[in-house]
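Colleague: No letters, just coordinates:
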């Protein structure tokens, strides 16, 4: 498969790109700063493009078998539109070029759901605060992004990890359309499961994993 990765120069995007190559796929890593991309491979193409500039995306997306968005921006009290505007532009180009398969990474913070079991204490304490304060504009835009994806009529998957850890290997994972136990995922677990979703498009997924034995560095989502 030829997989186009947006947000490829972020930590999640780099992991996804590396994993795709390790699985034998070809990858196009899309970034505003290709000179900073940290590795090379014969099956990897690193290109400069900006999701806010739709004219820069046409050649990037054309010929892809699948498009994956790991777009992300830091929390900010200012309005954020990278998720929604970026995915809207990606979808428009996918339609124009005939590419059907789309995977986007969102967050449980965009749509917190009640009655979860085995939820980590840190998540129970901090998620309600973050979603109403420093993360509000992020999650507002992720909800807009999800609305755009659901209305796209593409073959899509939305991934909503509660958090991503920097761990070297995937851990045990549960996957279901509605799952009550939700915690934080190693980024490698979240991002290496995406090929399994190709047979189940248009299904928002919530994922959880066994908690790590140690306390690695956590990345917010």
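Modeller: Yep, it's here. None of the values given here were measured: they were computed from a predicted structure.

Colleague: Neighbours of the residue nearest to residue 78 when sequence neighbours are not counted, how many?
Modeller: Once flanking residues are discounted, residue 78 sits nearest to residue 137: 6.6 Å by CB to CB, 6 or more residues apart in numbering. Every C-beta, even on glycine, is put in place using the N, C-alpha and C of the backbone. Taking other CB atoms under 10 Å as the criterion, the count of residues near residue 137 is 16.

Colleague: just checking, residue 137 touches residue 81?
Modeller: No. Counting by CB atoms under 8 Å, residue 137 does not reach residue 81; the two are 9.1 Å apart.

Colleague: before we move on, back to that, can you confirm the residue nearest to residue 78 is in a helix?
Modeller: Yes. Secondary structure of residue 137 (DSSP: H, G, I helix; E, B strand; the rest coil): part of a helix.

Colleague: which ones are touching it?
Modeller: By CB atoms under 8 Å, 6 or more residues apart in numbering, residue 137 lies in contact with 75-80.

Colleague: Same question for residue 3.
Modeller: Going by CB under 8 Å, 6+ apart, residue 3 touches 20, 25-28, 64-68.

Colleague: Give me the three-state assignment for it.
Modeller: Going by three-state DSSP: residue 3 is strand.

Colleague: For it, give me the pLDDT.
Modeller: You'll see residue 3 listed with a pLDDT of 98.

Colleague: ok, now residue 201?
Modeller: 43.

Colleague: coming back round to it: now, the contacts of residue 3 that are in strands?
Modeller: Of the contacts of residue 3, the ones assigned to strands by DSSP state E are 26-28, 66-68.

Colleague: how near is the closest residue to residue 84 other than its chain neighbours to residue 138?
Modeller: Spatial nearest neighbour of residue 84, excluding adjacent residues (CB to CB, 6+ apart): residue 144 at 3.8 Å. Distance of residue 144 to residue 138, given as CB to CB, to the nearest Å: 11 Å.

Colleague: which of the contacts of residue 3 count as buried?
Modeller: Buried members of those, counted by 16 or more other CB atoms under 10 Å: 20, 25-28, 64, 66-68.

Colleague: related to what we said a few turns ago, what touches both of residue 144 and residue 138?
Modeller: When contacts are counted by CB under 8 Å, 6+ apart, residue 144 and residue 138 are jointly contacted by residue 83.

Colleague: More neighbours: those two, which one.
Modeller: residue 138 (24 against 18).

Colleague: check contacts around that one.
Modeller: With contact set as CB under 8 Å, 6+ apart, residue 138 has these partners: 73, 75-76, 80, 83, 107, 109.

Colleague: Now with 7 Å, please.
Modeller: 75, 80 (CB atoms under 7 Å, 6 or more residues apart in numbering).

Colleague: repeat for residue 77
Modeller: Going by CB under 7 Å, 6+ apart, residue 77 touches 134, 137.

Colleague: Assign a three-state SS to it, would you?
Modeller: Here residue 77 is recorded as coil under three-state DSSP.

Colleague: So which residues of this protein form helices?
Modeller: With helices called from DSSP state H, the chain shows them at 11-22, 58-61, 82-97, 121-132, 136-150, 187-192.

Colleague: Would you tell me which one of those helices is buried the most?
Modeller: Sort the helices of the chain by mean neighbour count, taking mean count of other CB atoms under 10 Å, and helix 187-192 sits at the top with a mean of 24.

Colleague: Helix or strand with the lowest mean pLDDT in the protein?
Modeller: strand 205-209 (a mean of 37; mean pLDDT, DSSP states H and E).
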